[in-house]
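Asker: sharing a model prediction with you, sequence too.
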Amino acid sequence: MSSLFFLGRKMQLSSPLLLSAVGIWLWFAQVARPPLEHWTRRTARPIISPEGTGWESAGTFNPAVVAHRGKYVMLYRAQDKQGTSRLGYAESTDGLHFVRSPKPVFSPAAKYEKGGGVEDPRLARFSDIYYLTYTAFNGKDAQLCLATSFDLVHWERKGVILAAYKGNWNVGWTKSGAIVPQKINGKYWMYFLGTSADHTDQTGLAASSDLIHWSEATETPVLPRRPGRFDSQVVEPGPAPLISSQGIILIYNGADDKHIYRTGIAIFDRNDPSKVIFRTNQPVFEPREDWEKIGQVPQVVFVEGLVRQGRRYLLYYGGADKYVGVAEAAGAD
């Protein structure tokens, strides 16, 4: 018989202390385990691999995936042998088997993209508009940028939204914009990657009134690195967060002192996107297959895509900065 029962025997049901104890117990029961559990690979081999001698010959990795008009649509980073990155486009009816477009859907065109390319897409949808956050690399600096589209094919650039070497705590590049999929307290919110003064990459928080103009919302990282753990050197946002009764669920990519990339989960307060209420102590996903361990960058699984499929979720990730894989996890409420 639980201690909570005995507590109830000694107090009236309406006791504020009892109600508080019940609330704490229920909250702990909700978040004591990761909200996305039992990660398993849906395929043993990559679902997208480098092809040919042209724009996607060196690497195809770090995908964003959304459900659009009855199909799964993927934007993935494609790299040629000269190191220039573009975004490829692929469609699927089942989320596992994708047909690629023969040409990239988004290529470097702006000054801040030329010399390195466009990298690591993430997607969020508001009304009928898709918001694409991506990293623009000019060969010297990487900066977080934004583009919009109605069909995921034709894109309108909105420019750099968080500049490199600027901010409350960032002293380096900016990357990885994961936009929260609904307004909170009258604002839009986005988790992003910056570099702190100790030269480690950590997660910050930005806010916007219109989804186009963004500014930092905190003086320090909201999801800092943890020395001695799987996220001791890098804490990088993954796909757009989920909103559930547990809070704002952010899947993130962590790297340790050996630069092995694994996957973690953090939960933020639904009413305060800067407040962490839960964080996994151990990774929920890590490199295992040869193609996740051997590639352009060894020992990497890097989650950027997330789509609900019934009561489960499909999670799309880059393997060793060369391939695209897909995993599955039990869903949050």
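Answerer: Noted; the coordinates are in hand. Numbers count the residues shown, from 1 in each chain.
Asker: what about the nearest residue in space to Val300 that is not next to it in sequence, how many neighbours?
Answerer: By the measure of Cβ to Cβ, 6 or more residues apart in numbering, the closest residue to Val300 outside its immediate chain neighbours is Tyr261, 4.2 Å from it. In short, each C-beta sits where N, CA and C put it, glycine included. By other Cβ atoms under 10 Å, 30 other residues sit near Tyr261.
Asker: one more: the one 10 residues further on?
Answerer: Neighbour count for Asn271, taken as other Cβ under 10 Å: 10.
Asker: hmm, Lys183 and it touching each other?
Answerer: No: checked against Cβ atoms under 8 Å, the pair Asn271 and Lys183 is beyond contact range at 11.8 Å.
Asker: residues contacting the residue nearest to Val300?
Answerer: Val234, Asn253, Gly254, Ala255, Pro287, Gln299, Val300, Val301, Phe302 (Cβ atoms under 8 Å, 6 or more residues apart in numbering).
Asker: from Gln202, how far off is it?
Answerer: Per Cβ to Cβ, to the nearest Å, Tyr261 is found 15 Å from Gln202.
Asker: please name the nearest non-neighbouring residue to the residue sitting nearest the centre point of the chain.
Answerer: In the chain, the centroid-proximal residue (Cα atoms, centre = their mean) is Gly238; its distance is 1.2 Å. Once flanking residues are discounted, Gly238 sits nearest to Ile251: 4.0 Å by Cβ to Cβ, 6+ apart.
Asker: quick check: bridge partners of the one you found?
Answerer: Per DSSP bridges, the residues bridged to Ile251 are Ile265.
Asker: mind listing the helices in the stretch 201-333 of the chain by residue range?
Answerer: Assigned by DSSP state H, counting those that start in this stretch, the stretch 201-333 of the chain shows helices spanning 290-293.
Asker: in it, which spans are strands?
Answerer: Ranges of strands within the stretch 201-333 of the chain are 201-208, 215-216, 234-237, 242-244, 247-255, 261-269, 272-279, 301-309, 312-319, 323-330, based on DSSP state E, counting those that start in this stretch.
Asker: among those strands, which is nearest Glu292?
Answerer: Evaluated over the strands of the stretch 201-333 of the chain, closeness to Glu292 peaks at strand 312-319, with 4.0 Å, by Cβ to Cβ.
Asker: off-centre distance for that closest one?
Answerer: 11 Å (Cα atoms, centre = their mean, to the nearest Å).
Asker: stretch 72-91 now?
Answerer: For stretch 72-91, the separation from the chain centroid amounts to 17 Å (computed by Cα atoms, centre = their mean).
Asker: and that stretch, end to end?
Answerer: Start and end residues of stretch 72-91 are separated by 6 Å (Cα to Cα, to the nearest Å).
Asker: what residues sit buried inside it?
Answerer: Using 16 or more other Cβ atoms under 10 Å as the test for burial, stretch 72-91 gives 72-80, 84-91.
Asker: repeat for stretch 178-188
Answerer: Those would be Ala178, Ile179, Val180, Pro181, Ile184, Tyr188, for stretch 178-188 by 16+ other Cβ under 10 Å.
Asker: mean confidence for that stretch?
Answerer: Stretch 178-188 comes out with an average pLDDT of 97.
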